[in-house]
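# Would you be able to build a 3D model of this:
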Amino acid sequence: MSQTVGSRLEGRIALVTGASRGIGAAVAKRFAAEGAHVILTARTVGGLEEVDDAIFKATGRNATLVPLNLQEFDKIDQLGYSVYQRFGKLDILVGNAGALETLGPVAQYDPKLWQRVMDVNVTANFRLIRSFDRLLRTSDAGRAIFVTSAAAGQPYPYWCPYAASKAALEMMVKTYAMEIAASPLRVNLIDPGVVNSKLRTQAFPGEDPKSLTQPEQVTGRFVDLAETACTQHGEIVAAQ
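You can find the predicted model right below:
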């Protein structure tokens, strides 16, 4: 895993969801530093603008900002069409946005919160695949990366919605990878591990964030999976 910044993504078009903070913002900045033009989506306009400012300061180039609520699924289709009109292809898709909401027993969980977790962690990524599959295939070396969690493979009390959503995400992405195995498109999942993020703070509010791995420290593995030289496919890759 390389953390050295170079030009490994020069000229590539990359879309990153959940890009206004945390891992998404760090990946966006790293991809831009590696030469990619990044399309950034998130609900928070101010956060997107801050990331864009940082990218411009570091590279002299602006990102493309798309304020987007991933639960508005039809807008994902509209985004796909907009990317097609402007760029004609997509080289890299990073499905990073995730929702935890609250922890609690299955029998007492709020159905609205359950639905939001499933919408963001599973259905939005399905809609991204559906909307961008053809554009990724148009690339000479399309790459799709989806962020998962160790929670998908091991039940923990009170974590059911999040864990179930990540397990569903893994099954969906692995199935998709099998279906497109004959194409140049390479699709993988990445488990960033324990990283300082808003989601981590929600789950463990008393934890010292300085004691955790910082988002910038896991971006190397994202670059590994995004570059044209990547041969991994249908795998769950650990970032740490």
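# going forward, measure contacts and count neighbours with C-alpha atoms only.
OK.
# Low-confidence regions, the chain specifically.
Residue ranges of the chain with pLDDT under 70: 1-5.
# now the strands for it?
With strands called from DSSP state E, the chain shows them at 13-17, 37-42, 64-67, 92-95, 143-147, 186-191, 236-238.
# Let me know which of those is tucked in deepest.
Mean neighbour counts were compared across these using mean count of other C-alpha atoms under 10 Å; the top stretch is strand 92-95, at a mean of 28.
# what lines up beside that strand in the sheet?
Strand 92-95 has the following strand partners under DSSP bridges: strand 13-17 (parallel), strand 143-147 (parallel).
# ok, now how distant is the spatially most central residue of the chain from Asp208?
Closest to where the C-alpha atoms of the chain average out (C-alpha atoms, centre = their mean) is Asn96, at 1.9 Å. Applying C-alpha to C-alpha, to the nearest Å, the value for Asn96 to Asp208 is 23 Å.
# if we can go back for a sec, turn the strands paired with strand 92-95 into JSON lines, including distance to Lys57.
Shown next, in JSON lines, are the strands paired with strand 92-95 (distance: least, C-alpha to C-alpha, whole Å):
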{"stretch": "strand 13-17", "distance to Lys57": "19"}
{"stretch": "strand 143-147", "distance to Lys57": "26"}
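# Lys166 is nearest to which of the ones you listed?
Across the strands paired with strand 92-95, Lys166 has its closest neighbour in strand 143-147 (8.6 Å, C-alpha to C-alpha).
# starting at the chain centroid, how far to that closest one?
Its chain's C-alpha centre and that of strand 143-147 lie 6 Å apart, by C-alpha atoms, centre = their mean, to the nearest Å.
# how big is the angle separating that strand from strand 186-191?
When axes from the mean of the first three to the mean of the last three C-alpha atoms, to 10 degrees is applied, the directions of strand 143-147 and strand 186-191 differ by 20 degrees.
# helices and strands around the lengthiest helix in the chain, which ones?
When the chain is parsed with DSSP state H, its longest helix is helix 160-179. Under the contact criterion of 3 or more C-alpha pairs under 8 Å, 6 or more residues apart in numbering; DSSP states H and E, helix 160-179 touches helix 111-118, strand 186-191.
# Could you save these as a markdown table and add columns showing distance to Leu199?
Formatted as a markdown table, the helices and strands packed on helix 160-179 follow (distance: least, C-alpha to C-alpha, whole Å):
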| stretch | distance to Leu199 |
| --- | --- |
| helix 111-118 | 12 |
| strand 186-191 | 14 |
